[in-house]
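# the amino acid sequence is not available; the structure is as follows:
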């Protein structure tokens, strides 16, 4: 029997159904501290979050969904026979070219009972229509390795590759002390700059890393610091976030002009991390910048991330 699939914008009333879609794909729940198999019913909000993010509980899913709607992003749901069977989340990303303006597909989840039945194709098709309506000429996404075949069939192709490198904070230049001012959430996303370091998804999501919702105590307890200023006459916004499993290490982020050299920025991040008491930082760096950076820093490879693009 062929079912009619319809796509519409999500509302707050959909939080429970969206959460159920995401939870349907969890094969085995795990304890966030021991990483051992756990009974789903025994996990608290943080334990559920650890197994897949904000969508694992109705409460946290509702807060996340509310944030998307308040900030003008585009969560979509797919329905069949009156039930929600899939969800996609598109972020309106207005960074300077070539990073924007794009509509970024951050999440695409299909209920396990409906996978392989055209739901994902329908959600991406709706994203294309919305991108055109918003004046965005491309969709971007960061596919899981096992999903690259699907995204290629949907018309996406590899766009940017980045490699996560770990740097000892002692790599900072002797006496380096960048003059930067602390930045608050009220300042908003630095849309005039591009997320050049830490681009796991898009610039807007990098920014959200420092202002986590919902207010789960275990996540709120992680140290986060954001600064703005100039490095060698280049405007920058820099951020550090403590790693969950190792408080001596941080993840680094940097927004700056698309064509600016990265060496001064990496040096500044190392210096700031050292001042904050971190022994090492992990930086997701553009692949084409690595030759430049290796002349100054010892980079220890961690992993790679590929961003894909589809012209609309």
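Alright, I've got the coordinates. Bear in mind that the values here come from a model prediction, so they are computed numbers and not experimental data.

# what are the buried residues along the lowest-mean-pLDDT helix or strand in the chain?
Lowest mean confidence among the helices and strands of the chain (mean pLDDT, DSSP states H and E): helix 217-220, at a mean of 87. Within helix 217-220, the residues that qualify as buried are residue 219, counting by 16 or more other CB atoms under 10 Å. Every residue, glycine included, has its C-beta placed from N, CA and C.

# contacts for that helix, please.
32, 46, 49, 212, 244 (CB atoms under 8 Å, 6 or more residues apart in numbering).

# touching, residue 24 and residue 87? I think so.
No - with contact defined as CB atoms under 8 Å, residue 24 does not count as touching residue 87 (11.2 Å).

# closest one to residue 184 out of the contacts of helix 217-220, please.
Using CB to CB, residue 212 is the member of these that lies nearest residue 184, at 14.6 Å.

# for the closest one, which three-state class applies?
For residue 212, the assignment made with DSSP: H, G, I helix; E, B strand; the rest coil gives coil.

# neighbour-wise, which of residue 24 and residue 87 wins?
It is residue 87, of residue 24 and residue 87, that has more neighbours when counted by other CB atoms under 10 Å, with 26 against 15.

# note down every partner strand of the host helix or strand of that one and its orientation.
Per DSSP states H and E, residue 87 falls inside strand 83-93. Strand 83-93 sits in its sheet next to strand 74-80 (antiparallel), strand 102-110 (antiparallel), going by DSSP bridges.

# how far out from the middle of the chain is that strand?
Distance of strand 83-93 from the chain centroid (CA atoms, centre = their mean, to the nearest Å) equals 15 Å.

# other SSEs contacting the helix or strand hosting residue 61?
Taking DSSP H and E as the criterion, residue 61 maps to helix 58-70. On a contact count with 3 or more CB pairs under 8 Å, 6 or more residues apart in numbering; DSSP states H and E, helix 58-70 meets helix 15-23, helix 45-50, strand 74-80.

# reformat the ones you listed as JSON lines; add distance to residue 305.
Shown next, in JSON lines, are the helices and strands packed on helix 58-70 (distance: least, CB to CB, whole Å):
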{"stretch": "helix 15-23", "distance to residue 305": "22"}
{"stretch": "helix 45-50", "distance to residue 305": "21"}
{"stretch": "strand 74-80", "distance to residue 305": "23"}
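
# ok, of these, where does mean pLDDT dip lowest?
Mean pLDDT values for those show the minimum at helix 45-50, a mean of 94.

# rewinding a little: and the strand holding residue 87 with helix 58-70, angle?
Computed with axes from the mean of the first three to the mean of the last three CA atoms, to 10 degrees, the direction of strand 83-93 lies at 50 degrees from that of helix 58-70.

# flag every buried residue along strand 83-93.
Neighbour counts using 16+ other CB under 10 Å place 84, 85, 86, 87, 88, 89, 90, 91, 92, 93 of strand 83-93 among the buried residues.

# tell me the angle of it relative to helix 15-23?
Computed by the same axes, to 10 degrees, the angle separating strand 83-93 from helix 15-23 equals 90 degrees.

# give me the mean pLDDT for strand 83-93.
The average pLDDT within strand 83-93 is 97.

# could you do stretch 141-152 as well?
What stretch 141-152 shows for mean pLDDT is 95.

# show residues contacting it.
For stretch 141-152, the external contacting residues (CB under 8 Å, 6+ apart) are 104-106, 108, 120, 156, 200-201, 305-308, 310.

# let's have those residues in JSON lines, adding neighbour count and distance to residue 264.
Formatted as JSON lines, the contacts of stretch 141-152 follow (neighbours: other CB atoms under 10 Å; distance: CB to CB, whole Å):
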{"residue": "104", "neighbour count": "29", "distance to residue 264": "28"}
{"residue": "105", "neighbour count": "28", "distance to residue 264": "33"}
{"residue": "106", "neighbour count": "19", "distance to residue 264": "30"}
{"residue": "108", "neighbour count": "23", "distance to residue 264": "37"}
{"residue": "120", "neighbour count": "22", "distance to residue 264": "42"}
{"residue": "156", "neighbour count": "23", "distance to residue 264": "33"}
{"residue": "200", "neighbour count": "16", "distance to residue 264": "22"}
{"residue": "201", "neighbour count": "22", "distance to residue 264": "25"}
{"residue": "305", "neighbour count": "15", "distance to residue 264": "23"}
{"residue": "306", "neighbour count": "15", "distance to residue 264": "27"}
{"residue": "307", "neighbour count": "21", "distance to residue 264": "24"}
{"residue": "308", "neighbour count": "21", "distance to residue 264": "30"}
{"residue": "310", "neighbour count": "22", "distance to residue 264": "34"}
